[in-house]
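**Student:** Pasting the sequence and the predicted model now:
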Amino acid sequence: MNIRYVASSKLPTPFGVFTMHGFEETATGKEHVALTMGDVGNGEAVLARAHSECLTGDALYSMRCDCGYQLEAALTAVAEAGRGVILYLRQEGRGIGLLNKIRAYNLQDQGADTVEANEQLGFGADMRDYSMCQPMLSHLGIDAIRLMTNNPRKVKALSDAGVDVVERVPLQVGRNPHNDAYLATKASKLGHMLSHQDDEPEG
Ligand SMILES: Nc1nc2c(ncn2[C@@H]2O[C@H](COP(=O)(O)OP(=O)(O)OP(=O)(O)O)[C@@H](O)[C@H]2O)c(=O)[nH]1
Ligand SMILES: [Zn+2]
């Protein structure tokens, strides 16, 4: 993918002061952001998160998913390490967009699971494309990452795109009664590596 670097600035947050880098997909005009902290271009593998936009979870405190909790945990982890990168990717609703995600939520309110809802709307379960990540990381001088994710498809997509994913770091936070079924479907239908940390211990 052709991606154009536009500008950088400071971004103070409750977690620490990041540097924000803005990028634009040349073909579509879609805008993406990278937040970095510390010296990410020194050749050592960088703690990283590739976070897909979820307006409802990231900005509106939705408990239907785990996105907001994961974003906060990733920002905290990078700040604690003093070094890392968050790619904030504008592919809302696993690539179907905000309004279609609301349509999908409406179907879920009537009993469909997250995958069935996408399919009833004529979409694949996951329409995301991660091909902007490698050029964004490359611009930042990063070629090896320790990726915070539970999603094996994301690890594969980044590796296939030429990013050296040296380690997968689990990012399991925010399970609650409103997203329990959603997370169970992610594990059973989308292959997410989620242990049942909230289950009663056996025996
Ligand atoms: N279509 C659709 N998209 C959703 C739904 N719930 C969350 N999303 C979107 O899913 C994306 C996040 O994907 P997830 O599968 O939760 O997480 P992931 O990023 O692939 O995996 P992790 O790295 O482990 O978090 C964001 O773009 C959300 O907007 C849903 O029910 N339907
Ligand atoms: Zn979400």
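**Tutor:** Right, received. Where do you want to start? Ligands and ions are numbered 1, 2, ... in the order given.
**Student:** Can you pull the residues of the chain lying near ligand 1?
**Tutor:** 52-54, 65, 67, 70, 91-94, 96, 101, 104, 114, 118, 149-151, 154, 171, 186, 192 (Cβ under 6 Å from any ligand atom). C-beta coordinates here come from the backbone N, C-alpha and C atoms, glycine included.
**Student:** So what does the residue nearest to Arg146 when sequence neighbours are not counted look like in phi/psi?
**Tutor:** For Arg146, the nearest residue in space outside its immediate sequence neighbours is Glu167; the separation is 4.3 Å by Cβ to Cβ, 6 or more residues apart in numbering. Phi and psi for Glu167, reported as degrees, to the nearest 10, are phi -160, psi 140.
**Student:** roughly how far apart are Glu167 and Gly43?
**Tutor:** If you measure Glu167 against Gly43 using Cβ to Cβ, to the nearest Å, the figure is 16 Å.
**Student:** swap in Gly191?
**Tutor:** Applying Cβ to Cβ to Gly191 and Gly43 gives a distance of 32 Å.
**Student:** Contact partners for the residue nearest to Arg146?
**Tutor:** If you count contacts by Cβ atoms under 8 Å, 6 or more residues apart in numbering, Glu167 has them with 45, 146-147.
**Student:** on that earlier part again, looking at Gly191 and Gly43, which has the bigger crowd around it?
**Tutor:** With other Cβ atoms under 10 Å as the criterion, Gly191 and Gly43 differ in neighbour count, and Gly191 comes out ahead with 14 against 11.
**Student:** now the more buried one, what's its secondary structure?
**Tutor:** Assigned state for Gly191: coil (three-state reduction, DSSP: H, G, I helix; E, B strand; the rest coil).
**Student:** Ile142 versus Val166, what's the distance?
**Tutor:** Here the distance between Val166 and Ile142 works out to 12 Å (Cβ to Cβ).
**Student:** same question, Gln108
**Tutor:** When distance is defined by Cβ to Cβ, Gln108 is 36 Å away from Ile142.
**Student:** Mind telling me which residue is nearest the centre of this protein?
**Tutor:** Relative to the mean C-alpha position of the chain, the nearest C-alpha, by Cα atoms, centre = their mean, is the one of His51, at 2.1 Å.
**Student:** in stretch 65-84, what counts as buried?
**Tutor:** By 16 or more other Cβ atoms under 10 Å, the buried positions in stretch 65-84 come out as 65-71, 73-75, 77-79, 83-84.
**Student:** brain fart, stretch 164-178
**Tutor:** For stretch 164-178, the buried set under the neighbour-count rule, 16+ other Cβ under 10 Å, comprises 165, 168, 171-172, 174-175.
**Student:** Report the contact partners of Ala81.
**Tutor:** Residues in contact with Ala81, defined by Cβ under 8 Å, 6+ apart, are 38, 47.
**Student:** Could you double-check that the residue nearest to the centre of the chain lies in contact with Gly68?
**Tutor:** No - applying Cβ atoms under 8 Å as the test, His51 and Gly68 come out as separate, 10.2 Å apart.
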